[in-house]
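Fold the following for me, if possible:
(chains A and B)
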Amino acid sequence: MKIYGFVRGGLDYDDDSAPARSRSSIAFLPALSVIPMIQHEGAAARPVVAIGDYVEEGMVIGRAESKGAANVHAPVPGRVLRSVLWRMSDGRTSEALVVRLGGGFAKLGKRKELFSWNGLAPSDLQRLIAERGVTQLENPGRPVAEIVAAVRAAARKTTVVATLVFDDPWLVADWAVSEERTDDIAEGLAIVIKAAGSAVAAVAVSARDRQLGARLVSSIERFGISAHLVTVRDRYPQRNSRELDYSLRLFEKKNGIEFGAIVPFSPSTLAAVYDAVRANVPLLERYVAVGGSAVKRPAVLRLRIGARIGDAIAECGGFLEEPRRIVVGSPLTGSAVSDLDVPVTKTTFAVAALTDCQIRGSVVRACINCGSCRRVCPVGLDPERLHKLALLGLYEQAKSDGALSCHGCGCCATVCPSRLPLRATIALCAANGRRA
Amino acid sequence: MILEKTTIGSAPHAYLTRTTAHRMWLVSACLVPPVLQSAAGDGWRSLSVALAAVVAALLSEAVLDVGTERRSVADGSAAATALVLALLLPNLINPAAAALGAIFAIVVVKRSFGGLGSNWLNPAVAGWLFIRASWPAAFSAALSRSPLNELGVAVSKGLSDPNGSPLAILKVAGFKASGIDTLVSRSLNDGILSWMGAELPGGYVDLFMSADPGIIADRGALALLLATIILLAHRSMRSAVPGVFLFVLAALVRFGGALPYGGSFGGGDVLFSFLTGGTILGAFLLIADPATGPKSERSVVAIAAVTAAIAYGLRYRGAEQYAAPLAAGVVNAFVPYVRMVESRYLYSRWRHS
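Numbers count the residues shown, from 1 in each chain, chains lettered A, B, ... in the order given. Reported below is the predicted structural model:
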């Protein structure tokens, strides 16, 4: 078995405080849901319900009206109490609807009705995916319908890749989806392939999860689609598009095949596509890894969109001690929040409550030229130099030293003993470099 | 619900390495036992030298922080610098000289260039060179009865050993193995070594716990070796650097290290070279110091090899007994050029892509 991977840098990242690999559990329904009209990096949806309206489970409450926007659905039935301006974990402010749980469920507890999609045209599949508000279930959270449309418009050979790559222990929710819904993911992939007008499928799987990948491949083949199984390294940031693309190109070269353009999808996203098209269920819930040293019983929960992260933590037994930092996403790249009322959104794959001991110090000190950042940079940049150029405002120089090539994996900052915000300063260099 | 103690900051929110301050204080803690080992045999004079250096360094750092928001003392680098400097000094030197050396290291070499990480020369090496240049007579006098000095005197008088063994020459010069050395050597020879058909000559055990005058690093060699194991286990240094340095030095010493003592090619005493002249300290704490090292792994390895070659040349082809620290200082001076070349050719290829 040949394992493909990027050649330079990276980290062996493990975290005992992340939930263990186990089956997910269904969380209690939130009494109050906060449903932002923007849940990813794109544009906001426009609310289509008024204060005081009763909304049914799965009903459209926010309509996408511009590029980058996605429909938003009521994750629970209930009454719209008010509209608030909500500061999201990524720092942006969005209008959000607060819904109090009440009334009967249209989807929950009902037998899943399955619909055949074989006879649907690609454009119909795309419309269905858009209507159900399916986005990538991790950052940047681009609407899947837009990705599919772009692939079809490009009219070139494209390979849709299911990324069963778990290079970060906080991706355990994605692992749980892959284990529990392998066949749904396979069908979701088949739907995307048909919608995108693509013929080729591949499954990129971490070396230690090869059996899971093989199961997915055989499930995909039920739909008459041949899929390549590509075993990749577990080293972070293998899942990043750049590193994944590099590994798949190596596979391509070694096996004499042609992938064309590569379009990766996470297992959670493909399962959401399945729900949208096959089961006619919009994106109402997602798997979230809830853990960290401050949490009593870390677990993978199935949470409704709009549920408060405080409720999710309470579901895991609450806090062992008050956390020093709460992170939405992976501790390596996620966003810090201080409010337990922050809602779960479409791109929330993890919530980590970290203690001082786990953070290991955040006081910024002077660079000691230790070179740790250079050793782990998968691109081969000199983050120390780029950081110093940023401090001097020499953005043009930073640009010529490769600042624009940084893809923000954060390896450099994660190993910096002086706790320099290398990722942020290089991003600043890149932003200024692009303007220059 | 807002949590009071929760902080906000940019990613990453958890780190995979220890902080700079943690590393510096760890280095400092690891360097105390060698000082104590040395001090236990000299009426605590080594301790007074180390204390003088540490107090002077911390005070200098604190004074320079007055009126600024910096709290450099807390990062532990001044304490670590002072302890490295103390280990390079003779145990019998006047503590005032150690204090002045530490002040020079911190005020002139470290802080005037911008503080931690900005110095082009290792501050401890600079402080050591400052003391040697400022009070050469006092420095030499403090080492006049040291085995290395006696060895130099004996060789200059024409004493030699057909096997090129410095220990054999020292024996002739009047240095007798201690009781512990005799006991341990005999036990090893009667036990493990007899099965292997080997024999440990007298004198080597004393090198690990020398009771003679000398630099504190040599007198506390056993504790210093244990300290390096702890530092390596905590990944507080690039393990490749001391590895390459010691490997290259061992090869060169084995090949030509017996010649100055009357031996032939291939008979050099590697263990003697490692355990004397501040070699261990130089390998693990001076040459491996990242602040004054190059950027890339290949340069790090190359610089370690070059430093070993210079150390060999200074000690076996020159008259410098404390060659490893001096070689580290010499190479330090060229590292900025190496870093400049690396930036231009290894990390700026993006200009052309």
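
start to end distance for stretch A:18-35?
Criterion C-alpha to C-alpha, to the nearest Å; first-to-last residue distance in stretch A:18-35 is 26 Å.

my bad, should have said stretch A:25-37
Using C-alpha to C-alpha, the two ends of stretch A:25-37 sit 27 Å apart.

mind listing what's buried in that stretch?
A:27, A:29-30, A:32-37 (16 or more other C-beta atoms under 10 Å in any protein chain shown). Where C-beta positions appear, they are placed from N, C-alpha and C, glycine not excepted.

Next: stretch B:274-286.
B:274-286.

For those residues, could you give me CSV that also reports pLDDT, distance to chain A and secondary structure?
Putting these into CSV (pLDDT from 0 to 100; distance: C-beta to the nearest C-beta, whole Å; DSSP: H, G, I helix; E, B strand; the rest coil) gives the following:
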residue, pLDDT, distance to chain A, secondary structure
B:Phe274, 95, 26, helix
B:Leu275, 94, 28, helix
B:Thr276, 94, 30, coil
B:Gly277, 94, 27, coil
B:Gly278, 95, 23, coil
B:Thr279, 96, 23, helix
B:Ile280, 95, 21, helix
B:Leu281, 95, 19, helix
B:Gly282, 95, 19, helix
B:Ala283, 94, 18, helix
B:Phe284, 94, 15, helix
B:Leu285, 92, 14, helix
B:Leu286, 92, 15, helix
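
Let me know the closest of those to A:Thr93.
Nearest to A:Thr93 among the buried residues of stretch B:274-286: B:Leu285, at 51.6 Å, using C-beta to C-beta.

in terms of contact, does that closest one touch B:Val84 like I think?
Yes. The criterion here is C-beta atoms under 8 Å, and B:Leu285 meets it with B:Val84 at 5.5 Å.

got a list of what residue 210 touches?
Let's take chain A. By C-beta atoms under 8 Å, 6 or more residues apart in numbering or on different chains, the residues touching A:Arg210 are A:1, A:229, A:231.

not what I meant, chain B
B:147, B:218-219, B:221.

what separates it from B:Gly203, distance-wise?
10 Å (C-beta to C-beta, to the nearest Å).

which residues are in contact with both of those two?
With C-beta under 8 Å, 6+ apart, B:Ser210 and B:Gly203 have no common neighbours.

touching chain A at all, the helix or strand containing B:Ala52?
Here B:Ala52 sits within helix B:45-65, counting by DSSP states H and E. No. Helix B:45-65 lies apart from chain A when judged by C-beta under 8 Å from any C-beta of the partner chain; the minimum separation is 13.0 Å.

Taking the centroid of chain B, which residue is nearest it?
Centroid-nearest residue in chain B: B:Leu281, 2.0 Å away (criterion: C-alpha atoms, centre = their mean).

on that earlier part again, would you turn the buried residues of stretch A:25-37 into TSV with distance to chain B?
Putting these into TSV (distance: C-beta to the nearest C-beta, whole Å) gives the following:
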residue	distance to chain B
A:Ala27	18
A:Leu29	19
A:Pro30	14
A:Leu32	12
A:Ser33	16
A:Val34	13
A:Ile35	19
A:Pro36	18
A:Met37	23
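
Keep only those of these that are in helices.
Using DSSP state H, no member of the buried residues of stretch A:25-37 falls within helices.

Looking at the stretch 201-350 of chain A, which residue is nearest chain B?
A:Pro331 (3.9 Å; C-beta to the nearest C-beta).

Doesn't that residue lie inside a helix?
No. Assignment of A:Pro331 by DSSP: H, G, I helix; E, B strand; the rest coil gives coil, placing it outside any helix.

quick one: low-confidence parts of the stretch 101-250 of chain A?
By pLDDT under 70, the stretch 101-250 of chain A has no low-scoring segment.

what about the helices in it?
Taking DSSP state H, counting those that start in this stretch as the criterion, the stretch 101-250 of chain A contains helices spanning A:122-131, A:144-154, A:172-180, A:182-196, A:210-220, A:241-255.

other SSEs contacting the third one?
With contacts defined as 3 or more C-beta pairs under 8 Å, 6 or more residues apart in numbering or on different chains; DSSP states H and E, the packing partners of helix A:172-180 are strand A:158-164, helix A:210-220, helix A:267-277, strand A:285-291, strand A:299-304.

domains for the chain, by residue range?
You didn't say which chain, so I picked chain A. A:122-277, A:372-435 (automatic domain parsing).

hmm, I had chain B in mind actually
B:20-142, B:147-337.

Quick check, central residue of chain A?
A:Glu138 (1.4 Å).

doesn't B:Thr20 make contact with A:Pro417?
Yes. The pair A:Pro417 / B:Thr20 is scored as a contact, 4.5 Å apart, by C-beta under 8 Å.

hey, what's in contact with both of these two?
By C-beta under 8 Å, 6+ apart, the residues touching both A:Pro417 and B:Thr20 are A:Ile368.

and the contacts of B:Ser210, which of them are in helices?
B:147, B:218-219, B:221.

thinking again about what came up before, ok, now which ones touch the residue nearest to the centre of chain A?
A:Glu138 touches A:174, A:266, A:268-269, A:347, A:349, counting by C-beta under 8 Å, 6+ apart.

All the strands of the stretch 251-353 of chain B, in order from the start?
Remark: no strands are assigned in the stretch 251-353 of chain B by DSSP state E, counting those that start in this stretch.

and it, which of its residues are near chain A?
Near chain A, when you scan the stretch 251-353 of chain B using C-beta under 8 Å from any C-beta, you find B:290-293, B:295-297, B:300, B:343, B:346-351.

Which of those ranks first by neighbour count?
With neighbours taken as other C-beta atoms under 10 Å in any protein chain shown, the top of these is B:Thr292, carrying 25 neighbours.

Wait, it touches B:Leu116, no?
No. The pair B:Thr292 / B:Leu116 is not scored as a contact, 11.8 Å apart, by C-beta under 8 Å.

what about the residue of the stretch 201-350 of chain A closest to chain B, how many neighbours?
Neighbour tally, A:Pro331, other C-beta under 10 Å: 28.

before we move on, what about B:Tyr204?
18.

And it, how far from A:Tyr287?
63 Å.

B:Trp135 too?
From B:Trp135 to A:Tyr287 the distance is 71 Å (C-beta to C-beta).

cool, B:Leu151 as well?
Distance from B:Leu151 to A:Tyr287, by C-beta to C-beta: 71 Å.

of these two, who's got more company?
The neighbour count for B:Leu151 versus A:Tyr287, taken as other C-beta under 10 Å, is higher for A:Tyr287 (25 against 22).

Just give me the longest helix of chain B.
For chain B, the helix with the greatest residue count under DSSP H is helix B:323-345.

Could you list the low-pLDDT ranges of the stretch 301-436 of chain A?
A:436.

CSV for the domains of chain A, including distance to B:Arg315?
As requested, the domains of chain A are arranged in CSV below (distance: least, C-beta to C-beta, whole Å):
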stretch, distance to B:Arg315
domain A:122-277, 43
domain A:372-435, 32
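
Nearest to B:Lys5, out of the ones you listed?
Of all the domains of chain A, domain A:372-435 comes closest under C-beta to C-beta, at 18.9 Å.

Just checking that closest one against chain B, any contact.
Yes. Judged by C-beta under 8 Å from any C-beta, domain A:372-435 and chain B are in contact via A:372, A:374-375, A:380-382, A:384-385, A:400-402, A:404-405, A:410, A:413-419, A:421, A:423-424.

Just want the residue of the stretch 51-200 of chain B that's nearest chain A.
B:Gly117 (4.1 Å).

Does that residue belong to a helix, a strand or coil?
Per three-state DSSP, B:Gly117 ends up coil.

Give me the phi and psi for the residue nearest to it when sequence neighbours are not counted.
Leaving out its chain neighbours, the residue that sits closest to B:Gly117 by C-beta to C-beta, 6 or more residues apart in numbering or on different chains is A:Ile368, at 4.1 Å. The phi/psi pair for A:Ile368 (degrees, to the nearest 10) reads phi -110, psi 10.

separation between A:Ile368 and B:Thr17?
12 Å.

who touches both of these two?
Joint contacts of A:Ile368 and B:Thr17 (C-beta under 8 Å, 6+ apart) are A:Pro417.
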